[in-house]
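Asker: Sequence and predicted model, in that order:
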Number of protein chains: 2
Amino acid sequence: MGIDERKQRVLEAIIKDYVATAEPVGSRTIARKYNLGVSPATIRNEMADLEEMGFIEQPHTSAGRIPSQLGYRYYVDCLMEAYSLSEAEETLLRSMFVEKMGDLEQVIQETSKLLSRFTNYTAIILGPTPVGGKLRQVELIPLQEQLVLMVIVMDSGVVLHKMLELPGPVASEDLHHVSYVFNSKLRGIMLENMRRTLLQELYDELQHKKQILRLALDILDYYQQAPQWEKSHLGKVYLGGVINILNQPEFRNFDKIRRILSVLEEESELRELLTDTNETGITVRIGAENRREEFQDCSLITVTYDVNGKAIGRVGLLGPTRMEYPKATSILEYVASILSEALQGYYSR
Amino acid sequence: MGIDERKQRVLEAIIKDYVATAEPVGSRTIARKYNLGVSPATIRNEMADLEEMGFIEQPHTSAGRIPSQLGYRYYVDCLMEAYSLSEAEETLLRSMFVEKMGDLEQVIQETSKLLSRFTNYTAIILGPTPVGGKLRQVELIPLQEQLVLMVIVMDSGVVLHKMLELPGPVASEDLHHVSYVFNSKLRGIMLENMRRTLLQELYDELQHKKQILRLALDILDYYQQAPQWEKSHLGKVYLGGVINILNQPEFRNFDKIRRILSVLEEESELRELLTDTNETGITVRIGAENRREEFQDCSLITVTYDVNGKAIGRVGLLGPTRMEYPKATSILEYVASILSEALQGYYSR
DNA sequence: TGTTAGCACTCTAGTGGGTTGAGTGCTAAA
DNA sequence: TTTAGCACTCAACCCACTAGAGTGCTAACA
């Protein structure tokens, strides 16, 4: 049994109606609201077929139908037509977008708010990952005798900082010297290759200055050891509009909300959620397609944003499976594009 | 009508029981569980008095009593005896505390998680405010021809950064020179005095180098203009255990939760919440004592943390008015003290 | 052969009455 | 002043009933 055109239109009608109302859709409703030119009885027959094929389901005998996960998937893959933002919407979005105010972090934070406000879903943005980016500058700033703040600025404008505790007191000039050597060696190197690159060259440069060599090596060791440090290599996660989850009728259930929120509270979970795909374009995860069991009833749409043609992070929208897919994807893509554009400014070309 | 000792004990019993069970407390329960040596009837009389005085109230005629806001206030001020953490608890807390891993931000973030896990309330921490602190180092890092990243490191280890767009292209050496001048002039100056101090001295230093003077002034102007920048002067807000709100039976109500979460989502609201007092010690805000109407049913306990005897931020616990005040305050104070201790390490003395 | 009207059937959600039980206030006795 | 006794109140729960939406099936129709 194939899925002919009329079945498609019935499925589409069911999805559209259910997305709009969050109520199971009956045959009469479809016949009335979406003029397919056939009677409810005929639609009932089609619905029975669609149900058998697994595209829709019935909460209980005397209720209408709701789209199944498979139904949404089919809709997203085959049926849905692209929603194109109107001129007015684009202008509005652009006008709300805060460009180049403050730093990168702020731009992204604001973007997540904007996105959630515009869609009424929850926005999740993975910030630029330092890993893969190139170093621009390293500063070692002495705070106390044995305490140094290491500030690393990436080409992308991402700023990392880490406190280093040195094994012994160090003269300020020595530290300065190490800073200088690091900088002259490191510019343009990838963060993850920092240690390797440096080790090779430090000896040449500093062999006549044992004391400083020792210090430089200590710092590198410190860098290597600290497992916490690695975390900051992964890119921060920004959330916007978590509150919107509470507005979805399907989440009017404390247990569900608790479980979803507990995932949203864990930065590492979110990062995983956004990074478990390598696709560069847009991805749509419907219900159980999300690995996390807490997101059974959620869909997550993500898209990369990029600078100089290279993807550097992901923007996501989390909502119920009953999501406005066409609109959400369009807005998401548009916002990602203006974010890319804005970030372009921060990046050296 | 005074509040004699027996009334106190009845009030205390009601509060303790209600805090533990979240159910209205009846006279029988008190007579049974808290041996005051009198019958339920006597307790009923006392309760009638307490109600008349406004310390307790009745949800409806045939229910027990619950403490009123005034009742909690009296309890916190007069009745409550300090809860002292056991050796074991202190050890456990200390062992879970992550010291000097990574940077300041991470320590505070982890502290908020620790605090919320330990108390089952929501932790809110206001990070160190750059304002009032002293500058340690300023770095101007060129990213593009007209784009400069300004990194400011405070004595406290707080790192601020801001993107500056210059009106025209600038040679890297010039920028370096400005960096150098800034640094030599600024160390030890308070952030908010930066501009004033610099203006006075820049002329002396740079009058022979018109081009660089111009640049330096532009940068200062930029700093002065940008209103967004001011925000980062205020100290970040860290949240932990938002999920715990959902576990309180009094918040099993979507409207309440939505309203509370919407406040928690706004960093500025939280900052206001924590900063609208100047008291240096512990503060307890019960119900409507919190200005925000959304927190009618919440209590917020806050305490300052400090370094070198100077308060630099606040740690707070947000829970229902039915809070375990003695335990919460003790844990909060202890955690604030180990946080202070840990931060001491970051601060130059 | 596909479509449709008609109809019996199913199941949820909502309503209203009755009961239970916890807790109270009042009164009178100890 | 305390306490036992008692009538009273009220939320919460249970249960039966109804209304209504929606279905599947059958038989007639184009």
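Answerer: Arrived safely, thanks for sending. Residues are numbered from 1 along each chain as shown, chains lettered A, B, ... in the order given.
Asker: Could you tell me how many residues sit around the closest residue to DNA strand C within chain A?
Answerer: When scored by C-beta to the nearest atom of the strand, chain A has A:Ser62 as its residue closest to DNA strand C, at 2.9 Å. C-betas here are computed from N, CA, C, even on glycine. The local packing of A:Ser62 (other C-beta atoms under 10 Å in any protein chain shown) involves 8 other residues.
Asker: With A:Glu267 instead?
Answerer: Neighbour count of A:Glu267, defined by other C-beta under 10 Å: 15.
Asker: what sits against it?
Answerer: A:236-237 (C-beta atoms under 8 Å, 6 or more residues apart in numbering or on different chains).
Asker: Show me the helices in the stretch 51-200 of chain A, by range?
Answerer: Secondary structure of the stretch 51-200 of chain A (DSSP state H, counting those that start in this stretch): helices at A:69-74, A:87-96, A:104-119, A:172-186, A:194-206.
Asker: Give me the mean pLDDT for the second one.
Answerer: This means helix A:87-96. For helix A:87-96, mean pLDDT is 93.
Asker: Equivalent analysis for the shortest one, please.
Answerer: Over the span of helix A:69-74, the pLDDT mean works out to 98.
Asker: what's the domain layout of chain A?
Answerer: Using automatic domain parsing, the domain parsing of chain A gives A:5-79, A:87-128+A:235-344, A:135-233.
Asker: Could you verify that A:Thr304 is part of a strand?
Answerer: Yes - counting by DSSP: H, G, I helix; E, B strand; the rest coil, A:Thr304 is part of a strand.
Asker: helices and strands of chain A: which one bottoms out on pLDDT?
Answerer: Every helix and strand in chain A was compared by mean pLDDT, DSSP states H and E; the lowest is helix A:227-231, with a mean of 49.
Asker: got any ranges where chain A has weak pLDDT?
Answerer: For chain A, applying pLDDT under 70 flags the ranges A:1, A:99-102, A:206-213, A:215-217, A:219-233, A:347-349.
Asker: what does it put close to DNA strand D?
Answerer: Proximity of chain A to DNA strand D, by C-beta under 7 Å from any atom of the strand, involves residues A:23-29, A:40-41, A:44, A:47-48, A:51, A:58, A:61-65.
Asker: same thing but at 10 Å, please
Answerer: Counting by C-beta under 10 Å from any atom of the strand, chain A comes close to DNA strand D at A:14, A:17, A:21, A:23-32, A:39-52, A:56, A:58, A:60-65.
Asker: Now the buried members of the residues you listed.
Answerer: Neighbour-count burial within the residues of chain A next to DNA strand D applies to A:14, A:17, A:24-27, A:29-31, A:43-44, A:46-47, A:49-50, A:56, A:64-65; the criterion is 16 or more other C-beta atoms under 10 Å in any protein chain shown.
Asker: So which of those residues are in helices?
Answerer: Those of these mapping onto helices are A:14, A:17, A:27, A:29-31, A:43-44, A:46-47, A:49-50, per DSSP state H.
Asker: could I get those as CSV with distance to B:Thr304?
Answerer: Formatted as CSV, those follow (distance: C-beta to C-beta, whole Å):
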residue, distance to B:Thr304
A:Ile14, 58
A:Asp17, 56
A:Ser27, 65
A:Thr29, 60
A:Ile30, 63
A:Ala31, 67
A:Ile43, 67
A:Arg44, 68
A:Glu46, 68
A:Met47, 64
A:Asp49, 68
A:Leu50, 63
